[in-house]
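*Asks:* just need the structure, nothing else, for what follows:
(chains A and B)
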Amino acid sequence: ETGVTQSPTHLIKTRGQQVTLRCSSQSGHNTVSWYQQALGQGPQFIFQYYREEENGRGNFPPRFSGLQFPNYSSELNVNALELDDSALYLCASSGPTSTDTQYFGPGTRLTVL
Amino acid sequence: GESVGLHLPTLSVQEGDNSIINCAYSNSASDYFIWYKQESGKGPQFIIDIRSNMDKRQGQRVTVLLNKTVKHLSLQIAATQPGDSAVYFCADGAGNTGNQFYFGTGTSLTVIP
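*Replies:* Numbers count the residues shown, from 1 in each chain, chains lettered A, B, ... in the order given. Got it, this is the predicted structure:
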């Protein structure tokens, strides 16, 4: 157990809808990174939040956005859902520096119909 | 861009034998690597890490070897057990800002009792 929690566990949405995924970081960690993992693939970096500011972004469109709160928990928002957004969404927490080892939560399985 | 690849997508070993999982990376500036284990339906679990100022690091039943000359690293698991069955990823922590981890596609390890 890493102490990183994510909610919900599973989610089903339809194309065009919006979704919000949540992550609580491990105690003492101030950095949250979000990854998308398609079936049979390795995780792909979406973005990272460090001390409530975006601190790096991967090759994902602007409809993927995020927030980090003062308690270092985080949200991932995806607008205008597409079928290809179906994946396991993972958050990883790290700290006290943004480049420390990342510990993953169990993920949220998003299905877009 | 960055690429990380594992040499074999699947590996089967007999219980009690040693397992070796290989990984190649492309960025010669990469200076931090992590091996993760991912069981079905779970998030990646940290196994062991290594920085570029080392060429070998040992943990409990696991050893990571890093060859910077050929940009290759390997994960060795001693006395493989059924509980070791999972997908293994190597993650390259170079990134442009050092906070983005690049994952390979993973090697699925099956331990035969």
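*Asks:* can you give me the neighbour number for the closest residue to chain B within chain A?
*Replies:* Nearest residue of chain A to chain B: residue A:42, at 3.2 Å (C-beta to the nearest C-beta). From N, CA and C alone the C-beta is placed, and that goes for glycine too. Neighbour count of residue A:42, defined by other C-beta atoms under 10 Å in any protein chain shown: 23.
*Asks:* do I have it right that residue A:26 meets residue A:72?
*Replies:* No: applying C-beta atoms under 8 Å as the test, residue A:26 and residue A:72 come out as separate, 9.2 Å apart.
*Asks:* between these two, what contacts are shared?
*Replies:* A:93, A:95 (C-beta atoms under 8 Å, 6 or more residues apart in numbering or on different chains).
*Asks:* where does the residue nearest to residue A:66 when sequence neighbours are not counted land on pLDDT?
*Replies:* The spatial neighbour of residue A:66 that comes closest, neighbours along the chain excluded (C-beta to C-beta, 6 or more residues apart in numbering or on different chains), is residue A:76 at 5.2 Å. Note for residue A:76: predicted pLDDT of 98.
*Asks:* right, and the helix or strand after the host helix or strand of residue A:76?
*Replies:* Per DSSP states H and E: residue A:76 is located in strand A:74-78. Sequence-wise, the next helix or strand downstream of strand A:74-78 (DSSP H and E) is strand A:87-94.
*Asks:* whatever helix or strand comes next after that next one packs against which elements?
*Replies:* Beyond strand A:87-94 on the C-terminal side, the first helix or strand identified by DSSP H and E is strand A:103-104. With contacts taken as 3 or more C-beta pairs under 8 Å, 6 or more residues apart in numbering or on different chains; DSSP states H and E, strand A:103-104 sits against strand A:87-94, strand B:45-51.
*Asks:* buried deepest among those strands, which one?
*Replies:* strand A:87-94 (a mean of 25; mean count of other C-beta atoms under 10 Å in any protein chain shown).
*Asks:* show me what the strand holding residue A:76 is packed up against.
*Replies:* Packing contacts for strand A:74-78, counted by 3+ C-beta pairs under 8 Å, 6+ apart, involve strand A:19-24, strand A:31-37, strand A:64-68, strand A:87-94.
*Asks:* among residue A:26 and residue A:72, which residue is more densely surrounded?
*Replies:* The neighbour count for residue A:26 versus residue A:72, taken as other C-beta under 10 Å, is higher for residue A:72 (22 against 18).
*Asks:* the bottom helix or strand of chain B by mean pLDDT?
*Replies:* strand B:4-6 (a mean of 65; mean pLDDT, DSSP states H and E).
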